[in-house]
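Trainee: below: sequence and its predicted model.
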Amino acid sequence: MRDRGVALLAAWTATGAVVLVCWLSGAAGGANGCSSPAGPAACARLTSAPFVSASQARQAMTALWNARERADAARNVNALDQIDTGTELLGDHYALDSLICGCSTWYWTKGTRRIESLNLFLPRQAHYPLFFMAGVLAAPKGETEPAGTATAYMLATRAAPDSPWRIAMQIFDVGYQSPPPAIATPAVDPAGYDLAASPSELKAAAKWPSMLAAYYQHIKNAGVPPAQSPFLPGIQTTGTDLALNREGSVSDGILHRYEFVAAPSGGPWVFEENGSLMSCADINEYSTTTWARPNTVFQQIDGTKPNWGPDLNSGFYSKIVTTFERAVCVVHTPAGLVVWGANSTSGYPIHDGGVPANAGPGTTRVL
């Protein structure tokens with residue numbers, strides 16, 4: 001599993017001060033002002049639909065992967081800001097703040113990983129924004145990984161001709177651990193594009209992530225999955241931990257509320273996968289905590305490990321909202337819908353926010 005604490009640089013000096021090291025290397029310009037730390041491959045494009053060839057997508061993902069590996073190893077703030085986008089970029093910054101507050105340790109200790117193989121999922125596209133996904137098999141220097149496995153699945157998007165490709169979603173990344181078996185590769189046409197599905201099939205597949213968000217909400221509300229559901233049993237469905245804390249529950253004087261929203265970052269993104277359709281998206285869980293008893297506020301103190309969120313400013317809050325990301329893909333099978341994603345039954349925290357409060361006389365302040 002890729003540690004979401006891997007993102008940016010925070011170096012501790014001998015005096016205990018945090019020094020953020022920011023530099024940009026290897027940036028390359030392209031047509032229409034496009035530039036990226038990944039170099040010109042992240043800016044190459046066709047001038048008309050489908051705007052990106054299979055070869056260009058493969059080169060772009062290779063360049064993005066290599067650039068991000070270098071940025072992770074060197075803890076390069078500026079490069080990661082230009083390589084990632086959407087919830088992936090939120091995760092980067094959350095990880096930096098976690099490192100600064102001492103809430104996590106640095107994960108990438110064995111250097112960069114080189115790509116050994118890459119499987120491409122690339123639909124033909126007639127308009128921007130563009131997208132594609134790649135299954136990457138990679139290994140650190142001096143190591144090899146077995147064929148037929150995957151280190152990570154990365155989804156890249158491109159907003160416009162003058163914008164570079166960026167990594168928008170990461171389905172999973174096993175880091176330096178042994179990779180699991182890869183999912184089936186897509187059936188492609190002679191040019192390397194996914195075989196086209198009908199508009200009605202694409203429209204139906206685009207609804208699956210929203211259906212999954214509603215499925216998760218039902219578990220939170222009722223404590224069990226819906227009686228009738230198209231989703232098959234699995235670690236991301238019946239194996240979740242969503243029923244542990246129910247909607248509206250109160251523990252230690254704190255009221256818990258939950259909301260699930262699909263595709264807040266531009267998806268869902270639909271691909272062909274081994275003769276079936278696959279719809280990928282971020283599902284965000286917004287976990288809201290408030291005090292059940294009156295005249296009580298949360299007190300956030302930066303730099304304290306047991307705080308209410310590493311990217312939440314010091315102060316008093318009447319409400320705190322933590323955003324968790326679940327990066328998933330929903331695959332159609334004859335038996336039903338299969339959900340796969342990270343090897344985890346919970347989401348990754350990517351942002352904390354809150355409603356400021358006035359801690360006046362008589363107010364109870366709780367860390």
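Mentor: Now that the structure is in, tell me what you want to look at.

Trainee: next one: the lengthiest strand in the chain to chain centre, how far?
Mentor: Within the chain, and with DSSP state E defining each element, the longest strand by residue count is strand 315-333. Here the centre of strand 315-333 is set off from its chain's centre by 10 Å, with Cα atoms, centre = their mean, to the nearest Å.

Trainee: for that strand, which strands pair with it and how are they oriented?
Mentor: Pairing partners of strand 315-333, with direction, according to DSSP bridges: strand 276-291 (antiparallel), strand 296-300 (antiparallel), strand 336-341 (antiparallel), strand 348-356 (antiparallel).

Trainee: of those strands, which is nearest residue 123?
Mentor: Closest approach to residue 123 among the strands paired with strand 315-333 (Cβ to Cβ): strand 276-291, 10.4 Å. The way it works is simple: take the backbone N, C-alpha and C, and place the C-beta from them, glycine included.

Trainee: quick one: average pLDDT of the closest one?
Mentor: Computed over strand 276-291, the mean pLDDT rounds to 95.

Trainee: ok so, going back, including mean neighbour count, could the strands paired with strand 315-333 go into TSV?
Mentor: Converted to TSV, the strands paired with strand 315-333 look like this (neighbours: other Cβ atoms under 10 Å):
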stretch	mean neighbour count
strand 276-291	22
strand 296-300	21
strand 336-341	19
strand 348-356	19
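
Trainee: quick one, helices of the chain?
Mentor: For the chain, the helices defined by DSSP state H occupy 54-74, 77-83, 86-100, 199-206, 208-222.

Trainee: nearest to residue 156, out of these?
Mentor: Within the helices of the chain, the stretch nearest residue 156 is helix 54-74; the backing value is 6.1 Å (Cβ to Cβ).

Trainee: and that closest one, average pLDDT?
Mentor: Averaging pLDDT along helix 54-74 yields 95.

Trainee: quick one: it to helix 86-100, angle?
Mentor: 10 degrees (axes from the mean of the first three to the mean of the last three Cα atoms, to 10 degrees).

Trainee: off-centre distance for helix 54-74?
Mentor: With Cα atoms, centre = their mean, you get 17 Å for helix 54-74.

Trainee: for stretch 106-119, same thing?
Mentor: Offset of stretch 106-119 from its chain centre (Cα atoms, centre = their mean): 17 Å.

Trainee: what's the answer for stretch 348-359, then?
Mentor: Counting by Cα atoms, centre = their mean, stretch 348-359 comes out at 20 Å from the chain centroid.
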